[in-house]
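# what follows is a protein structure lacking sequence information:
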């Protein structure tokens, strides 16, 4: 049994391989970028808009409000990073119910990549509002003895971020496959629906935590 | 459960590409459309607010205009009332003037009628008096009234100290008219002639004329000079008395005036 789409390999050059994770990621990228282009190519600024535009506006406006509520800063700063994280994970998890589609978020490589991006984004955003001394000084507080623990906390939360998403999506997929083998009718549907709910919640949790980490890195003396 | 580092790197690149794509095709256009709509709605709200302010201003102007019109109407009414009062006063004055004029005309007419009445009454009284006197003399005293008049007239002429100026004037005249209300007999005429010639010491021509309108008495005239011997003086007194009586009656019946 394959637990990760990384294990489904289409091309292998030795130093690298095109696996299902990358393939479905491109599919998702094409779907999202193409869908966005398709809907936004004829946007209307009037009060009467198409259902597609309405959906996109609800999504974007919802994310903007959430971001501003959590960070108390202009959302445009964070929207491309956090919003794309949320939308990618959301679409990936939702498409997981499509037969033969393997969500890239079920790959530890993908979740690690996203967690790494968050790990990089936190100091990047933090240094955009704080000095280097101020930012890195927070790891020495309340005492220099806390430096290892703070660094460990930073790494562990990144690791937890990656593993949490991976674990949830992978487990949903595996459970679905197992149930499909044991009881092919009805029960897998219920589990798929549950998996869909879990996927949406996980997308929200991942994006929310990423936003909280980034925002806390910008918050002066407050430690993350 | 293993991590493929090539896949990790590829996913990082994929994610960055997706960020760029979504920024270009999703966030920017959608946010731009929302901002435009927000601006549009804001503009429409401002326009509506401006319209509301304009409407409020126009409402105030309309109310002010309405008040002006109302005030103008009241002023017109007051002016019309004043004009009506003036016109009424003018009419009242005109009517009063006309009434006074009519009153004056009536008074004048009344005066003329009174004068005519007095004249006619006097004339009638004289005629009746003459008849009465003629008949009374004849029936009660067996005397001729006209004869008595002539006798008394002759006696008057014969008296030297009466009417000296008149008779002095007759000295130089050549013709004398003797007019009587009744016809004179020949002897009466001769008697008058004798008395006259004796008084003026000359003998001018004397014509005897009969004039019934004299009613009673005799008139001697020459040129512009005249000597009357009749009841006209009594009639004048009578007219004066009657006029006094009528005036007293008029005052008694005249209505009270404010």
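All right, it came through fine. The model shown is predicted, which means the values in this text are computed figures rather than measured ones.
# quick one, helices of the chain?
You didn't say which chain, so I picked chain A. For chain A, helices defined by DSSP state H occupy the ranges A:20-40, A:51-71, A:84-94, A:108-129, A:132-137, A:147-182, A:187-217.
# my bad, the chain I had in mind was chain B
In chain B, the segments counted as helices under DSSP H are B:5-22, B:28-141, B:145-158, B:164-170, B:186-200, B:232-253.
# ok, the residue sitting nearest the centre point of chain A - contacts?
Nearest to the mean C-alpha position of chain A, by Cα atoms, centre = their mean, lies residue A:85 at 4.0 Å. By Cβ atoms under 8 Å, 6 or more residues apart in numbering or on different chains, residue A:85 lies in contact with A:114, A:117, A:118, A:206, A:207, A:210, B:15. Bear in mind the C-beta positions are built from the backbone N, C-alpha and C, glycine included.
# quick one: pLDDT of the residue in the stretch 101-250 of chain B that chain A sits nearest to?
Residue nearest to chain A within the stretch 101-250 of chain B: residue B:101 (88.0 Å; Cβ to the nearest Cβ). With respect to pLDDT, residue B:101 scores 91.
# that one: how many residues sit nearby?
For residue B:101, the tally of surrounding residues (other Cβ atoms under 10 Å in any protein chain shown) stands at 10.
# now do residue A:205
16.
# quick check, it in contact with residue A:160.
No. With contact defined as Cβ atoms under 8 Å, residue A:205 does not reach residue A:160; the gap is 11.0 Å.
# give me the phi and psi for the nearest residue to residue B:6 once chain neighbours are set aside.
What sits nearest to residue B:6 in space, not counting adjacent residues and going by Cβ to Cβ, 6 or more residues apart in numbering or on different chains, is residue A:16, at 4.0 Å. Backbone geometry at residue A:16, expressed as degrees, to the nearest 10, gives phi -170, psi 160.
# got any ranges where chain A has weak pLDDT?
Applying pLDDT under 70 to chain A flags residues A:1-2, A:220-224.
# how about the stretch 1-150 of chain B?
Those would be B:1, if you go by pLDDT under 70 across the stretch 1-150 of chain B.
# chain A contacts on that one?
Along the stretch 1-150 of chain B, the residues adjacent to chain A under the rule Cβ under 8 Å from any Cβ of the partner chain are B:1-12, B:14-15, B:17-19, B:21-23, B:25-27, B:29-34, B:36-37, B:40-41.
# could you identify the buried members of the residues you listed?
The neighbour count (16 or more other Cβ atoms under 10 Å in any protein chain shown) marks B:3-4, B:6-8, B:10-12, B:14-15, B:18-19, B:21-23, B:25-27, B:29-31, B:33-34, B:37 as buried among the residues of the stretch 1-150 of chain B next to chain A.
# what count of nearby residues applies to residue B:76?
Neighbours around residue B:76, by other Cβ under 10 Å: 10.
# quick one: the residue in the stretch 51-200 of chain B positioned nearest to chain A from residue A:39, how far?
As assessed by Cβ to the nearest Cβ, chain A sits closest to residue B:51 within the stretch 51-200 of chain B, at 18.5 Å. Using Cβ to Cβ, to the nearest Å, one obtains 35 Å as the distance from residue B:51 to residue A:39.
# more crowded one of those two?
Set residue B:51 next to residue A:39 and count neighbours by other Cβ under 10 Å: residue A:39 wins out with 21 against 11.
# for that one, which non-adjacent residue is spatially closest?
Going by Cβ to Cβ, 6+ apart, residue A:39 has residue A:52 as its nearest residue, at 4.0 Å.
# burial count for that neighbour?
Residue A:52 has 15 nearby residues by other Cβ under 10 Å.
# gap between it and chain B?
11 Å (Cβ to the nearest Cβ, to the nearest Å).
# for residue A:72, same thing?
Separation of residue A:72 from chain B (Cβ to the nearest Cβ) stands at 19 Å.
# ok, residue A:90 next?
Applying Cβ to the nearest Cβ, the value for residue A:90 to chain B is 12 Å.
# please name the residues that touch that residue.
Residues near residue A:90 by Cβ under 8 Å, 6+ apart: A:199, A:200, A:203, A:204.
# these two touch, right, the last one and residue A:86?
Yes. Contact between residue A:204 and residue A:86 holds when scored by Cβ under 8 Å: they sit 7.0 Å apart.
# pick out whichever of these two has more residues nearby.
Neighbours were counted for residue A:204 and for residue A:86 using other Cβ under 10 Å; residue A:86 has more, 24 against 14.
# distance of the more buried one from chain B?
Applying Cβ to the nearest Cβ to residue A:86 and chain B gives a distance of 11 Å.
# not counting sequence-adjacent ones, nearest residue to that residue?
Nearest one to residue A:86, counting by Cβ to Cβ, 6+ apart, is residue A:207 at 3.5 Å.
# list the contacts of that neighbour.
A:82, A:83, A:85, A:86, A:89.
# switch the residues you listed over to CSV; also include distance to residue B:193.
Converted to CSV, these look like this (distance: Cβ to Cβ, whole Å):
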residue, distance to residue B:193
A:82, 170
A:83, 167
A:85, 175
A:86, 171
A:89, 177
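# out of these, which one sits closest to residue A:216?
residue A:82 (13.4 Å; Cβ to Cβ).
# for that closest one, give me its contacts.
A:63, A:67, A:207, A:210, A:211, A:214.
# now it: closest residue in space that isn't a chain neighbour?
Here the residue nearest residue A:82, using Cβ to Cβ, 6+ apart, is residue A:211, at 4.9 Å.
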